[in-house]
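Student: Sequence unavailable; structure follows:
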């Protein structure tokens, strides 16, 4: 049974897309069949991490939602990108496919103006899993809480909530945690990102776990190396021994150890 993992943050700019991309890459390198769907329709961007030129995106999630194509027709096989990022030093055992959103202003405006059928989005999740025989589907959600985000959270086996050590993030995360519990999400995990390296990570973990009564599975330090990469590639493959890469691998392994039924 495929595991659906929704990755969410209440506010933008937390590093959600980078976390998803690197988690998915790690899973694929470990032999899993992985899919990503970018449902952040208002501000898409995860395709850039995989080097997909928006001018060459023939089909996107938007086309599927408006009935122009099947979901698999909007999926791009980015498995080869993983091998390239590693310098072709090893063979990728699994596979990774990405369904991006359109970056065209006219299509973003159309979604904002007309909306779309959220039931069709759910059908697309299931069809994507079936057609590519996925082990894991990772959903890149829109920040905050809207209809598609509530759907993604509600159908997920595992919800990963990303937050920064910031009072606004803390408050927003409390709302997300409350909603997730009302939706009866089977497993909820917290990841703290962009933490100043001189902070006491153990104290921070204990503080956050006490606030939300949920496990913190990883703390990612604020990194100049990550800032310099500027989402132009997969950090964990470029810098496999970096503390961030090692933490992401640890997060991925903890998720892999969970077989959660909804």
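Tutor: Structure's in. What do you need? Computed from a prediction, not measured in an experiment: that's the story for all the values here.

Student: Report the next helix or strand after the helix or strand where residue 64 lies in sequence order.
Tutor: Assigned by DSSP states H and E, residue 64 falls within helix 61-65. The element immediately downstream of helix 61-65 (helix or strand, assigned by DSSP H and E) is strand 76-77.

Student: Name the residues that touch that next one?
Tutor: Under the contact criterion CB atoms under 8 Å, 6 or more residues apart in numbering, strand 76-77 has outside partners 47, 50, 52, 57, 95-100. The C-beta positions use only the backbone N, C-alpha and C, and glycine is treated the same way.

Student: ok, now with 7 Å
Tutor: Residues outside strand 76-77 that contact it (CB atoms under 7 Å, 6 or more residues apart in numbering) are 52, 97-98, 100.

Student: Show the average pLDDT along that strand.
Tutor: Strand 76-77 carries an average pLDDT of 96.

Student: What strands line up against it, and which way round?
Tutor: strand 95-99 (antiparallel) (DSSP bridges).

Student: Now for residue 14, how many residues are close by?
Tutor: Neighbourhood size, residue 14 [other CB atoms under 10 Å]: 25.

Student: Could you do residue 91 as well?
Tutor: 9.

Student: now residue 184: how far from residue 159?
Tutor: 11 Å (CB to CB, to the nearest Å).

Student: Equivalent analysis for residue 56, please.
Tutor: When residue 56 is compared with residue 159 (using CB to CB), they lie 33 Å apart.

Student: Neighbour count for those two, which is higher?
Tutor: Neighbours of residue 56 and residue 159, each counted by other CB under 10 Å, are more numerous for residue 159; the result is 27 against 7.

Student: Validate this expectation: the more buried one resides in a strand.
Tutor: Yes. Under DSSP: H, G, I helix; E, B strand; the rest coil, residue 159 sits within a strand.

Student: partners of it in the sheet?
Tutor: residue 6, residue 188.

Student: Let me see the contact set for it.
Tutor: 6, 8, 153, 180, 185, 188.

Student: hmm, 10 Å instead?
Tutor: Residues near residue 159 by CB atoms under 10 Å, 6 or more residues apart in numbering: 4-8, 139, 141, 152-153, 176-177, 179-180, 183, 185-190, 214.

Student: Using PyMOL, define a selection of the buried residues within those residues.
Tutor: The PyMOL command for the buried members of the contacts of residue 159 (criterion: 16 or more other CB atoms under 10 Å) is given here:
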select buried, resi 4+5+6+7+8+139+141+152+153+176+177+179+180+185+187+188+189+190+214
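
Student: Filter the contacts of residue 159 down to the ones in helices?
Tutor: Judged by DSSP state H, these include 152-153, 176-177, 179-180 as members of helices.

Student: what's the farthest-apart pair in those residues?
Tutor: 152 and 177 (15.4 Å; CB to CB).

Student: on that earlier part again, can you spell out which helices and strands pack onto the helix holding residue 64?
Tutor: strand 33-38, helix 105-114, helix 118-132 (3 or more CB pairs under 10 Å, 6 or more residues apart in numbering; DSSP states H and E).

Student: With respect to burial, which of those scores highest?
Tutor: Stretch with highest mean neighbour count among those: strand 33-38 (a mean of 26; mean count of other CB atoms under 10 Å).
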